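**Student:** Below is the structure, and that's it, no one-letter string:
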């Protein structure tokens, strides 16, 4: 057992919370309580379904808190309330993880980080890492323009040898802000080339992406803009060169209409609970101050994936622990 894990056990009962609204259907409590249970650490993870930022900040500052998770609609807003951001958090522009660190005088420092990008990276690489191993660069793509897509762009650009990165979304104004935010915060190390692909005609002229991350709701397209975005996606799926798509949406069902379309076109499909599990494991590694070898990763993966599959088949709600 590592010294860090021993220290976490010796600290006694602590808590983690997930701050967001709404939180229906989340497996975060089950995932994190499974991790700490298997690691033998007396910590409990619970939902804080709220929009009360001040109440959440009060919790973060309390000795009870050993770190916290943040989800929509607070991932961007929380950043301005923290003492610092990690390089990943700053580059992505959204925070899903708050790490508690000690300042020079022993004071609590709240540091914002983003592990969604790790969830994207690990899900895609473990499905097929041949593109990255080839050392070549090919385009990537994100379907959507929200917080999860910000993390996906970071993973595609920094770790998955993807450039340019196509952005496909129903809302032109949202894409303009999305691309503008990355341009505004560009650094020498992170300055992704983003291309807004609006039409089928534009998509047909482009090289096929190696990896696609979809982070749009699992509803059939109804409006003209939604149908156009879906048609652009299908152009990429139907190109001769295939790749891997991560379908981030896993609620209410693991397998979505988009996942089936991609599979029928010959793509390797990774379902969203994989990204959820990997980003959560990364959160706990940070909160516990340990390495992957210090916790039973495969048992965690198997336990959570089995529970998600069973619950979806039986139309059951996610357990809390």
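**Tutor:** Received, thanks. Here the structure is a predicted model, which is why all the values come from computation and not from measurement. Residues are numbered from 1 along each chain as shown.
**Student:** tell me what the helix or strand where residue 298 lies is packed against?
**Tutor:** Using DSSP states H and E, the element containing residue 298 is helix 297-314. The contact analysis (3 or more CB pairs under 8 Å, 6 or more residues apart in numbering; DSSP states H and E) places helix 297-314 against helix 28-39, helix 272-288. Where you see a C-beta, it was placed from the backbone N, CA and C, and this is true even at glycine.
**Student:** Let me know the average pLDDT across the longest one.
**Tutor:** Averaging pLDDT along helix 272-288 gives 94.
**Student:** Next, work out how far apart the residue of the chain positioned farthest from its centre and residue 57 are.
**Tutor:** Within the chain, residue 105 marks the point farthest from the mean C-alpha position, 33.5 Å out by CA atoms, centre = their mean. Between residue 105 and residue 57 the computed distance is 20 Å (CB to CB, to the nearest Å).
**Student:** try residue 166
**Tutor:** For residue 166, the distance to residue 57 - CB to CB - is 37 Å.
**Student:** Could you check which of those two has the larger neighbour count?
**Tutor:** More crowded of residue 166 and residue 57, by other CB atoms under 10 Å: residue 166, with 23 against 16.
**Student:** where does that one fall, phi/psi-wise?
**Tutor:** Residue 166 adopts backbone torsions of phi -80, psi 140, taken as degrees, to the nearest 10.
**Student:** Not counting sequence-adjacent ones, nearest residue to it?
**Tutor:** In this structure, residue 166 finds its nearest non-sequential neighbour in residue 141, 4.1 Å apart by CB to CB, 6 or more residues apart in numbering.
**Student:** Next: residue 231.
**Tutor:** In space, and not counting its chain neighbours, residue 231 is closest to residue 200: 5.2 Å by CB to CB, 6+ apart.
**Student:** what does residue 195 give?
**Tutor:** Once flanking residues are discounted, residue 195 sits nearest to residue 164: 4.9 Å by CB to CB, 6+ apart.
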